[in-house]
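Visitor: Need a 3D model of the following:
(chains A and B)
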Number of protein chains: 2
Amino acid sequence: MSEVNMSVSPQQQSAQAARESRVESRAEPRNRRPLRIAIFGFGTVGSSVARILVEQKPQGLELTHVFNRGVERKRVDWTPASVEWSEDADAVLASDADVMVELAGGLEPAGGWVRRALDAGKSVVTANKKLIAYHGVELERLAAARGGHLKYGAAVAGGIPVIPGLEQGLAGDRIERIEGILNGTCNFILSKMEEGAEYATVLAEAQARGFAEADPTEDVDGFDARSKLAILMRLALRVEVDPEEIVPRPITAVSAVDFSYARDLGCTIRQLARAERAGGTVSATVAATVGPMLVDLHSPLAWSRGTENMVIVSGHYGGDVVFSGHGAGGHPTAVAVVSDLLALAHGSRRVEIPAAAATVDGEFEVPHYIRFLVDDRPGIVAEITGALAKERINIRAIMQKAGYPQHALPFVVTVEPCKSSALKRALEGIRAKDYLLEEPLDLQMLE
Amino acid sequence: MSEVNMSVSPQQQSAQAARESRVESRAEPRNRRPLRIAIFGFGTVGSSVARILVEQKPQGLELTHVFNRGVERKRVDWTPASVEWSEDADAVLASDADVMVELAGGLEPAGGWVRRALDAGKSVVTANKKLIAYHGVELERLAAARGGHLKYGAAVAGGIPVIPGLEQGLAGDRIERIEGILNGTCNFILSKMEEGAEYATVLAEAQARGFAEADPTEDVDGFDARSKLAILMRLALRVEVDPEEIVPRPITAVSAVDFSYARDLGCTIRQLARAERAGGTVSATVAATVGPMLVDLHSPLAWSRGTENMVIVSGHYGGDVVFSGHGAGGHPTAVAVVSDLLALAHGSRRVEIPAAAATVDGEFEVPHYIRFLVDDRPGIVAEITGALAKERINIRAIMQKAGYPQHALPFVVTVEPCKSSALKRALEGIRAKDYLLEEPLDLQMLE
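Guide: Alright, predicted model coming up:
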């Protein structure tokens, strides 16, 4: 389709075209040669990206390179013969590809490749939540300085357009709170436990079906969701935070008895990532946390089942906006990657949302569910309620279901909205008691 | 904040700056003087847009003009003194404003103003679904030809970023179906009727609360949702259609008895706008319709209450993505407008989704609910089921609740998935029967 100058070699042509493309991508998007795309990392998502590019032939995009370690075992027969398969990252970085699609994940070596690509004036599209959460600000500055672009719509909630929605559709609001189910593995596990399955059984099933890693720590301990939350906080709450300041709580502490008590309270349990501006105002401190929480059965958060993701954005002007869908998996994530590539090809620019550095605390003021497991004896409730009273925490309900042995008795106290720090102090006060068979489990209750 | 050249008159300065801005908006977005914004139509949404611009002072945006007929009665005291209030559309069109925010609504005179603004190389941000549904393609061509931009994120589902989501986050997918609750008035009426209220009572309440017009035809007969559906079809299904080819069905035919039968079927009733590619393929014909339908109580569509909007986009690669939130109202709609303005100020470009002209039919293949109101006598069921059998439509259930008088007896037949045209022929076959007290009500059942 494109007219080519036959007097120069193909190499000269493509190098020249690559330069032109990088310049022209700032102006009119039409009638240019396609963006040349190098996929770094040909796993599930990389292969889905290639699949969409080959099947749909989106205008303006051309797959030219695939990089993977030991690339021969990755090679497929359905890509155009012109695609260069390589296990030499340096060679692909030095090639005439315009855009690196980074799908290797993790901080290194992916981060080094991304820096080198941006430094060379290429653009980068990535699904790497950890890299963006930890180094996104620096990488965006590098991209801007060198004339390239960095897009990461696939880094949070896969195929759900939360990032474009925040950047392009909600930038006019002042977002005050963000809550999300950002980890499909935890949602799969907890929604199965809600139906009565045991944690270990469901984890094994998730591993067998490819939803969970052999070492599930990143997911179940909340590190994955924390990176995603940090990214959303920058776009929604307009704060730059150190993800490590967000203290995650594992879902492994939740057991069948908690789902039973939750149901009695009209709730279920989900891993939530949430952050809000204290008092809705701009300040140098924001509250953020990740962990299992009680959600009302009538809340959209409770409707999210299996590996689905959901994000609720609460704006001062626009109220609540809910996004949900498939947050992970090759195809949904690839949709986000290809959409970012199309945006680059059409000259779409990010709406730069100004953000300020902020520190994170875990200080929310919400009702809590606290479940104790005790070797029962007289006076325990009096001691616990006394410890809560000392911190001026009001009790909402005390629940003790029949049918559990006295020497390992679970019971639940729910409390009216109180500061997380006050509850922590109250629980510290009874931590050493010998009747406690395990750490009390305190969960935020979202209303 | 901006450095100005003191050797030229303010008029010269701003005219020159306006020209520069229009040119520069194609290149780097930073360090330019703010976009000068003229609001056309200072009603609820216009006043909310001004409110956000004044309160939030979004970087790069400056409110400079407000046009309204009889502007004096609209003037407020909280906008900067520099804002020019005018009832002279020609003068504002000829001013140095860079962007017209068109909130007058309707085809004319709004359409004429928009054409003139685009023709003069200005950009336009509009919430006018009718104008975009009927003339969007032509107006976008005009904008492109003159170097301006046309954005209409507020035209569908107000504060919910469905349009940016489709353009920027889902462009990489092949969307096969779109279903939406796109009219808040109908959703308010039907969700109140679900709770037992009468149509006339709820309509009066909606009118009193400002959700419904004195003449509610546009809403309840489905014309409003049809315009919005036509816009979404262009972006999601990539077809350009004549909105008039989408045949809407009024919600006024739904009565209390239908909610009662729907509940027995595990469903409720909502006004839905839906469109899909026949067989998921690209063809010159797409199916589209707007009207009351039965939705499963477990479907997200049933969760949508009050004036909320919801859109479900079904992609070949990414699966279902759900968007929900406040689809109308001054503030949510204004968020979409200001977000579009920010995108313009930052040089963000639309991802141009190629679309082909297509004709619309109402041919879906879904189960149906058919409610009859008859003066009962022997043989009616035999006749009706015979008419259905003649079109090879399989009956799923026949339901007749006790407690209704024999001379005005409502009963329901549900049928297995059948083509809309076949059902239409079957019902034509019994239309003239004298035992029918009113037209049978047939509703699609979404599963």
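
Visitor: pretty sure A:A334 belongs to a helix, no?
Guide: Yes. Secondary structure of A:A334 (DSSP: H, G, I helix; E, B strand; the rest coil): part of a helix.

Visitor: For it, which non-adjacent residue is spatially closest?
Guide: A:S48 (3.5 Å; Cβ to Cβ, 6 or more residues apart in numbering or on different chains). For every residue, glycine as well, the C-beta is placed using N, CA and C.

Visitor: Could you verify my assumption that the one you found touches B:G318?
Guide: No. The criterion here is Cβ atoms under 8 Å, and A:S48 misses it with B:G318 at 10.0 Å.

Visitor: okay, and the common contacts of these two?
Guide: Common contacts of A:S48 and B:G318 (Cβ atoms under 8 Å, 6 or more residues apart in numbering or on different chains): A:H331.

Visitor: On the three-state scheme, the residue nearest to the spatial centre of chain A is what?
Guide: The structure's chain A has its C-alpha centroid closest to A:K228; by Cα atoms, centre = their mean the separation is 3.0 Å. Three-state assignment for A:K228 (three-state DSSP): helix.

Visitor: can you give me the helices in the stretch 1-150 of chain A?
Guide: Ranges of helices in the stretch 1-150 of chain A, per DSSP state H, counting those that start in this stretch, are A:10-24, A:44-56, A:89-93, A:110-119, A:129-146.

Visitor: export those to a markdown table and tack on mean pLDDT, mean neighbour count and distance to B:D296?
Guide: Output for the helices of the stretch 1-150 of chain A, formatted as a markdown table (pLDDT from 0 to 100; neighbours: other Cβ atoms under 10 Å in any protein chain shown; distance: least, Cβ to Cβ, whole Å):
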| stretch | mean pLDDT | mean neighbour count | distance to B:D296 |
| --- | --- | --- | --- |
| helix A:10-24 | 37 | 15 | 49 |
| helix A:44-56 | 97 | 21 | 30 |
| helix A:89-93 | 97 | 17 | 49 |
| helix A:110-119 | 98 | 20 | 43 |
| helix A:129-146 | 96 | 19 | 34 |
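
Visitor: how's chain A carved up into domains?
Guide: Per the record, chain A has its domains at A:10-151, A:162-327+A:347-361, A:365-446, by automatic domain parsing.

Visitor: Endpoints of the shortest one, how far apart?
Guide: The reference is to domain A:365-446. One end of domain A:365-446 sits 10 Å from the other (Cα to Cα, to the nearest Å).

Visitor: Can you name the residues of the stretch 151-300 of chain A that neighbour chain B?
Guide: With the criterion set to Cβ under 8 Å from any Cβ of the partner chain, the stretch 151-300 of chain A comes near chain B through A:153, A:158-174, A:300.

Visitor: same deal with the stretch 301-447 of chain A?
Guide: A:303, A:315, A:317-326, A:331-332, A:334-343, A:346-352, A:354.

Visitor: Can you tell me which of the residues you listed are classed as buried?
Guide: A:303, A:315, A:317-326, A:331-332, A:334-343, A:346-352 (16 or more other Cβ atoms under 10 Å in any protein chain shown).

Visitor: picking up where we left off before, pLDDT score for the residue nearest to the centre of chain A?
Guide: Looking at A:K228, its pLDDT reads 98.

Visitor: Need the pLDDT of the nearest residue to A:H298 once chain neighbours are set aside.
Guide: Distances taken as Cβ to Cβ, 6+ apart put A:G266 closest to A:H298, at 7.7 Å, once the chain neighbours are dropped. Confidence at A:G266, expressed as pLDDT, is 96.

Visitor: So what does A:G266 have for phi and psi?
Guide: phi 70, psi 30 (degrees, to the nearest 10).

Visitor: Would you agree it is in contact with A:L297?
Guide: Yes. Between A:G266 and A:L297 there is a contact under Cβ under 8 Å: 5.5 Å.

Visitor: So for the two, which sits in the more crowded spot?
Guide: A:L297 (15 against 11; other Cβ atoms under 10 Å in any protein chain shown).

Visitor: Run the chain-centre distance for stretch A:32-42.
Guide: For stretch A:32-42, the separation from the chain centroid amounts to 25 Å (computed by Cα atoms, centre = their mean, to the nearest Å).

Visitor: can you give me the end-to-end distance of it?
Guide: Per Cα to Cα, stretch A:32-42 runs 27 Å from first to last residue.

Visitor: Repeat that for stretch A:90-107.
Guide: Start-to-end, stretch A:90-107 (Cα to Cα) is 18 Å.
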